[in-house]
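J.: give me a 3D structure for the following:
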Amino acid sequence: TTDAEPHDAILQRLDRKVGKLYFNKEPFIPTVDRWNNLPIVFAKKHLDPLRGITEAELAEINGAIIGDIQDSKILIAGGAKLEAKKVYSIEPAQRMFEAGLISQDTLTRSQEALPYALKLNEEGKLSHSTAFICPDDGTSLYGEVLPHHVLDFEETATDKPVDPGAVILNKEESTNVTPPVAGNPHTNIGKAISAKNKSKLQAILDSITAIWQENFGEDNPTPKTNAVTDKSEGTMNTPGGESLERQIETVRQALSGATGLRYPDGTPRNIWTVMTLPDQVIWQHPDTSQYFSTPYTMVGETVTFGTPVEVEQAYVVKQAGKVITNMTAEDLDNIAKRNKMADPTTKTETDAAIAKLQKERDDALAAKDVEIAKLQKERDDLKAEQEKVKLQKEESDWIDLKKSIIPPGLVKDPKDEADLRKLQKEDNSAFLRAIVTKRAPGTKQEGQTHVQKAADGTETPDTLATVRELRSSTGRMR
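T.: Down below sits the predicted model:
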């Protein structure tokens with residue numbers, strides 16, 4: 001099952017802020033052709049860009065392969081953007097199944113998901129989101145973008161693309177177009193926007209106009225860039241005047257034909273070009289996954305290839321990149337837990353990035369552990385000091401009591417003193433009564449009851465007066 005026509009799509013708007021980061025076009029330019037042949041994954045969330053597109057990863061998100069990306073290019077006119085054709089077809093899933101990369105269940109899931117996705121597209125409910133790896137400095141991207149996949153999902157009130165300008169442009173053909181010459185690609189005239197996407201795109205155009213007016217003070221400014229601009233095509237040119245995107249695509253298409261690889265219907269197989277240089281192209285064999293470097297010369301639209309030489313793919317990660325996508329924090333946390341990349345060369349790059357991320361995380365945790373231990377020690381030291389001061393005060397208060405109101409006979413025995421001190425802490429009234437009424441054994445004066453004399457000279461016990469005196473001396477008088 002294949003859609004009748006590919007769909008032009010804006011995969012990513014550039015030279016503007018998307019979310020919290022500024023997506024400048026420069027990191028996308030060197031690897032723009034690497035978006036070609038990337039799978040379109042239909043699911044509710046992204047695959048992990050630091051892992052491979054494998055059966056296990058697709059099963060984890062209940063994902064399906066419903067097509068691939070072709071003819072990726074960066075357009076400048078009207079605002080820089082990454083644009084490509086979305087080719088909806090079961091063929092990419094079928095090839096992965098034949099290569100043993102996905103199971104029959106995933107192939108069946110893909111076959112069922114494809115017509116549903118096309119129906120969503122017709123209803124204006126299908127959105128997409130890009131997933132790639134690229135370093136950033138906290139405010140903007142730099143270095144090179146490493147594309148991974150494009151996610152198609154059903155747009156709802158809660159599930160929306162991070163970049164609202166990432167849209168599918170539904171195509172229609174003019175009824176007055178002269179049929180194309182045999183052997184030449186057919187070009188559809190005009191791009192019609194679905195009714196449900198019209199208001200969204202109008203808001204985007206209004207936003208772009210406002211940005212232009214703010215930065216340039218005019219309604220139709222010429223975008224400022226260090227590259228030469230092809231005003232008729234709106235694409236970035238090489239210094240020689242040849243469109244860089246057009247040259248890359250011409251070389252890729254010519255290489256697809258020159259390899260002699262064919263689909264069952266006889267059409268040339270699409271070749272994934274890893275890198276296109278002025279005199280050679282690096283590409284990957286679709287069956288063996290081997291990498292080759294093929295020299296070429298280009299005169300006009302004619303490309304002549306030399307003998308391919310097998311090469312090894314190697315990347316050196318200068319600084320670990322950050323995953324740029326709409327994935328959740330939980331998805332990102334899984335990056336450090338698993339690594340199932342099918343490509344061993346890419347795995348080396350991925351391992352280095354993951355190792356750095358893990359080290360940064362471990363260093364941060366270790367620093368926090370040190371800080372927590374320091375705070376705990378300060379807390380324990382403070383509690384110990386408070387306890388020490390409390391004990392010193394209790395001891396000082398007890399010594400004062402012994403000197404002022406407690407008869408020495410009551411505390412002559414250490415055990416008696418301990419019992420009396422415990423009584424003072426637990427029941428102060430009982431403590432005071434004990435001092436007043438208890439006599440110390442073996443003494444004549446110590447421990448006797450305090451008395452006062454009456455008017456006739458007789459001694460009259462006045463326990464209440466004595467208690468008041470004791471309470472007053474200990475600060476407990478009310």
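
J.: rest of the way, CA atoms for contacts and neighbours
T.: OK.

J.: residue 31: how many residues sit nearby?
T.: 20 (other C-alpha atoms under 10 Å).

J.: with residue 364 instead?
T.: Residue 364 - counted by other C-alpha under 10 Å - has 11 other residues nearby.

J.: repeat for residue 94
T.: Count around residue 94 with other C-alpha under 10 Å applied: 20.

J.: low pLDDT regions in the stretch 51-200 of the chain?
T.: 160-200 (pLDDT under 70).

J.: let's see it at 80
T.: 52, 77-78, 157-200 (pLDDT under 80).

J.: would you agree residue 274 falls within a strand?
T.: Yes. Counting by DSSP: H, G, I helix; E, B strand; the rest coil, residue 274 falls inside a strand.

J.: my guess is it contacts residue 289. True?
T.: No. The criterion here is C-alpha atoms under 8 Å, and residue 274 misses it with residue 289 at 11.8 Å.

J.: pick out whichever of those two has more residues nearby.
T.: Neighbours were counted for residue 274 and for residue 289 using other C-alpha under 10 Å; residue 274 has more, 19 against 10.

J.: show me the contacts for the more buried one.
T.: Contacts for residue 274 (C-alpha atoms under 8 Å, 6 or more residues apart in numbering) come out as 31, 33, 34, 281, 282, 283, 284.

J.: A strand includes the fourth one, no?
T.: Yes. Under three-state DSSP, residue 281 sits within a strand.

J.: any idea how many residues pack against it?
T.: There are 21 residues near residue 281, going by other C-alpha under 10 Å.

J.: ok, it touching residue 275?
T.: Yes. Using C-alpha under 8 Å, residue 281 makes contact with residue 275 at a distance of 5.9 Å.

J.: how many other residues sit next to residue 394?
T.: The burial count for residue 394: 13, using other C-alpha under 10 Å.

J.: that one and residue 248, how far apart?
T.: 88 Å (C-alpha to C-alpha, to the nearest Å).

J.: would you confirm that residue 297 contacts residue 304?
T.: Yes. Using C-alpha under 8 Å, residue 297 makes contact with residue 304 at a distance of 5.3 Å.

J.: secondary structure class for residue 53?
T.: Under three-state DSSP, residue 53 comes out as coil.

J.: residues near it, how many?
T.: 22.

J.: surely it meets residue 47?
T.: Yes. Counting by C-alpha under 8 Å, residue 53 does reach residue 47; the two are 7.5 Å apart.

J.: on that earlier part again, want to throw the contacts of residue 274 into CSV with distance to residue 376?
T.: Shown next, in CSV, are those (distance: C-alpha to C-alpha, whole Å):
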residue, distance to residue 376
31, 51
33, 55
34, 52
281, 61
282, 58
283, 58
284, 57
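
J.: nearest to residue 373, of those residues?
T.: Of all the contacts of residue 274, residue 373 sits closest to residue 31, with 47.3 Å by C-alpha to C-alpha.

J.: can you give me the distance of that closest one to residue 150?
T.: 15 Å.

J.: what's the answer for residue 132, then?
T.: 9 Å.

J.: mind checking which of these two has more residues around it?
T.: residue 150 (25 against 19).

J.: for that one, what are its contacts?
T.: Counting by C-alpha under 8 Å, 6+ apart, the residues that residue 150 touches are 38, 39, 40, 41, 128, 129, 130, 131.

J.: do that again at 10 Å, thanks
T.: Counting by C-alpha atoms under 10 Å, 6 or more residues apart in numbering, residue 150 touches 11, 35, 38-42, 46-47, 67-69, 86, 128-132, 325.

J.: quick check, it in a strand?
T.: Yes. Counting by three-state DSSP, residue 150 is part of a strand.

J.: what bridges to it?
T.: residue 40, residue 130 (DSSP bridges).

J.: joint contacts of residue 274 and residue 289?
T.: residue 283.

J.: find residues that contact each of residue 53 and residue 47.
T.: 41, 148, 149.

J.: surely the second one meets residue 133?
T.: I take that to be residue 148. Yes. Here residue 148 reaches residue 133: they are 7.6 Å apart, a contact under C-alpha atoms under 10 Å.

J.: which neighbours do these two share?
T.: 49, 50.

J.: those two - which one has more neighbours?
T.: Between residue 148 and residue 133, residue 148 has the larger neighbour count (other C-alpha under 10 Å), namely 21 against 18.

J.: name the nearest residue to the more buried one, sequence neighbours excluded.
T.: Nearest residue to residue 148 in three dimensions, chain neighbours excluded: residue 132, at 5.1 Å (C-alpha to C-alpha, 6 or more residues apart in numbering).
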